[in-house]
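Asks: 3D model of this:
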Amino acid sequence: MIDIRFLRENPDVVKQNIKNKFQDDKLPLVDEVIELDAKARETQGKADALRADRNKISKQIGALMAQGKKEEAEATKKLVTERSAELAALEEQEKELQEKITNIMMVIPNIIDPSVPIGKDDSENVEIQKYGEPVVPEFDVPYHTEIMEKFDGIDLDAAGKVAGNGFYYLMGDIARLHSAIISYARDFMIDRGFTYCIPPFMIRSNVVTGVMSFAEMDAMMYKIEGEDLYLIGTSEHSMIGKFIDTIIKEDQLPKTLTSYSPCFRKEKGAHGIEERGVYRIHQFEKQEMIVVCKPEESPMWFDKLWQNTVDLFRTLDIPVRTLECCSGDLADLKVKSIDVEAWSPRQKKYFEVGSCSNLGDAQARRLKIRVDGENGKYFAHTLNNTVVAPPRMLIAFLENNLNADGSVNIPEALRPYMGGKDKIQ
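Replies: From the prediction side, this is the model:
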């Protein structure tokens, strides 16, 4: 959420940012906020003046009573009562105006970083760098569910009967591989200095609206009927929510956490063949990383976070590339984002396996996460990134480590988590 003072002083900058994100329907909101803000400040001024006048008159009552001027004192009391009624009306009006302003400000997109390429959607994202040599084997690589079925490692039919489409049973070596990747990712991040955490898997609505836009919330979140609780779509939500309404001493920053959680997503809309199986599903597990830091340090942490994901995938012999997300592909709270994509030998192209985001002070402003520094209090910056999210990561792992005989190589880094096996077959 943008600082109201910034919007007030730089309306043209905010409008250009909206245009850069191809959300022209939101342009009128800027002028609407400015008008409401002017009314709110005017109302506040009247309320402050009335409050001061009431306090001044209240002090006179005691003096009049001491002088025995009871009639004048009673008349003055009536005046105080009238002022109080006027003040209550102004305070209610001020509250209504501030609520309207907040609701609109929650919809206006955050100011993107100047380095973000301007583009309408993900088709205009920009490749930054490739890591590892993409290989297409001489044999045909089956669809990922076919590879899993050869190991008796997946049952989509049973899951469909139990829970419907978008769910799965993983079994045997495939299930073990899934858990091994999560455990390896956990230790990988601990070794890089992050504190391991298992967060709540449900969060309240004020945390949901603090970490994401209304559009994302509607598209992703499952609501618990009859309770003010939502199933998390990613552990980043409850991890950032951990710091709600807190003031952190500057010397205690940065906060670097890595978390495990299941994730639950609606995944609305129809998807093509390449997004079936275990690619786009309603339930999956994930290892995440988040950082809460000083504003001047967030660009440095942004680069560190996405590099962690690249490094992890390379230790598992999976070629990856990084893509800079263009303006139209950024969610409203994001300042800058980079996707990590893994190589698919079967599709002969890369596909997304993780996303790294710098949200500036947007989440901190919504959740009131402040820092107590030498020069006063200010809002922290928050960042998040996917370490690894199986089973989507399993697709890349199985395809890139598949042998012609149908066996799958286990890279050295993962063998301690697979009982020492160097392959499954």
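
Asks: for stretch 168-181, which positions count as buried?
Replies: 168, 170, 173, 174, 175, 176, 177, 178, 180, 181 (16 or more other Cβ atoms under 10 Å). All C-beta atoms are positioned from the backbone trio N, CA, C, and that covers glycine.

Asks: thought the first one was touching residue 153?
Replies: No: with contact taken as Cβ atoms under 8 Å, residue 168 and residue 153 are classed as non-touching, separated by 10.0 Å.

Asks: any idea how far residue 151 is from residue 241?
Replies: Residue 241 is 38 Å from residue 151, where distance means Cβ to Cβ, to the nearest Å.

Asks: hmm, I was thinking of residue 130
Replies: In this structure, residue 130 and residue 151 are 30 Å apart, going by Cβ to Cβ.

Asks: which of the two has more neighbours?
Replies: More neighbours surround residue 151 than the other of residue 130 and residue 151, with 19 against 14 (other Cβ atoms under 10 Å).

Asks: got the contact list for that one?
Replies: By Cβ atoms under 8 Å, 6 or more residues apart in numbering, the residues touching residue 151 are 172, 173, 174, 424.

Asks: phi, psi of residue 245?
Replies: The phi and psi values for residue 245, taken as degrees, to the nearest 10, are phi 60, psi 40.

Asks: All the helices of this protein, in order from the start?
Replies: Secondary structure of the chain (DSSP state H): helices at 4-9, 11-20, 27-66, 70-105, 144-150, 156-162, 172-191, 205-211, 214-220, 235-241, 298-315, 362-367, 392-400.

Asks: Show me what the longest one is packed against.
Replies: Looking back up the chat, that one is helix 27-66. Packed against helix 27-66, as judged by 3 or more Cβ pairs under 8 Å, 6 or more residues apart in numbering; DSSP states H and E, are the following elements: helix 4-9, helix 11-20, helix 70-105.

Asks: For the second one, buried residues please.
Replies: What that stands for is helix 11-20. By 16+ other Cβ under 10 Å, the buried positions in helix 11-20 come out as 14, 15, 17, 18, 20.

Asks: Does the second one touch residue 26 like I think?
Replies: It stands for residue 15. No: using Cβ under 8 Å, residue 15 makes no contact with residue 26, being 9.1 Å away.

Asks: What pLDDT is listed against the closest residue to residue 266 other than its chain neighbours?
Replies: Distances taken as Cβ to Cβ, 6 or more residues apart in numbering place residue 220 nearest to residue 266, at 5.9 Å, with adjacent residues excluded. pLDDT for residue 220: 86.

Asks: what number of residues lie near residue 220?
Replies: Neighbours of residue 220 under the rule other Cβ under 10 Å: 21.

Asks: The one 5 residues further on now?
Replies: The number of residues packed near residue 225 is 6, by other Cβ under 10 Å.

Asks: what sits against it?
Replies: No contacts exist for residue 225 under Cβ under 8 Å, 6+ apart.

Asks: Next, it: phi, psi?
Replies: Per-residue torsions, residue 225: phi -60, psi 130 (degrees, to the nearest 10).

Asks: From residue 231, how far out is it?
Replies: Distance, residue 225 to residue 231, by Cβ to Cβ: 12 Å.

Asks: And residue 31, by the same measure?
Replies: 38 Å.

Asks: For residue 65, give me the pLDDT.
Replies: In this prediction residue 65 is given a pLDDT of 64.

Asks: Then residue 57?
Replies: Listed pLDDT for residue 57 reads 68.

Asks: How many residues are close by the residue lying closest to residue 207 once chain neighbours are set aside?
Replies: Closest residue to residue 207 apart from its sequence neighbours, by Cβ to Cβ, 6+ apart: residue 241 at 3.8 Å. For residue 241, the number of neighbouring residues by other Cβ under 10 Å comes to 21.

Asks: Residue 241 contacts residue 367, correct?
Replies: Yes: the pair residue 241 / residue 367 is scored as a contact, 6.8 Å apart, by Cβ under 8 Å.

Asks: okay, and the common contacts of those two?
Replies: Counting by Cβ under 8 Å, 6+ apart, the contacts common to residue 241 and residue 367 are 207, 210, 211.

Asks: which stretches of the stretch 201-350 of the chain have low pLDDT?
Replies: For the stretch 201-350 of the chain, the stretches with pLDDT under 70 are 268-275.

Asks: ok, now the stretch 51-200 of the chain?
Replies: Along the stretch 51-200 of the chain, segments meeting pLDDT under 70 span 54-55, 57-71, 73-78, 80.

Asks: returning to what we had before: taking the helices and strands packed on helix 27-66 together, which one is wrapped up most tightly?
Replies: Neighbour counts (mean count of other Cβ atoms under 10 Å) averaged over each of those peak at helix 11-20, with a mean of 16.

Asks: ok, residue 425 to residue 170 distance?
Replies: 18 Å.

Asks: With residue 277 instead?
Replies: Plainly put, residue 277 is 12 Å away from residue 170 if you go by Cβ to Cβ.

Asks: Roughly how far does the closest residue to residue 256 other than its chain neighbours sit from residue 185?
Replies: With sequence-adjacent residues excluded and distances taken as Cβ to Cβ, 6+ apart, residue 256 is closest to residue 194, at 4.8 Å. Look at residue 194 and residue 185: by Cβ to Cβ, they are 11 Å apart.

Asks: Show me which of these two is the more surrounded one.
Replies: Taking other Cβ under 10 Å, residue 194 and residue 185 do not tie; residue 185 has more neighbours (27 against 20).
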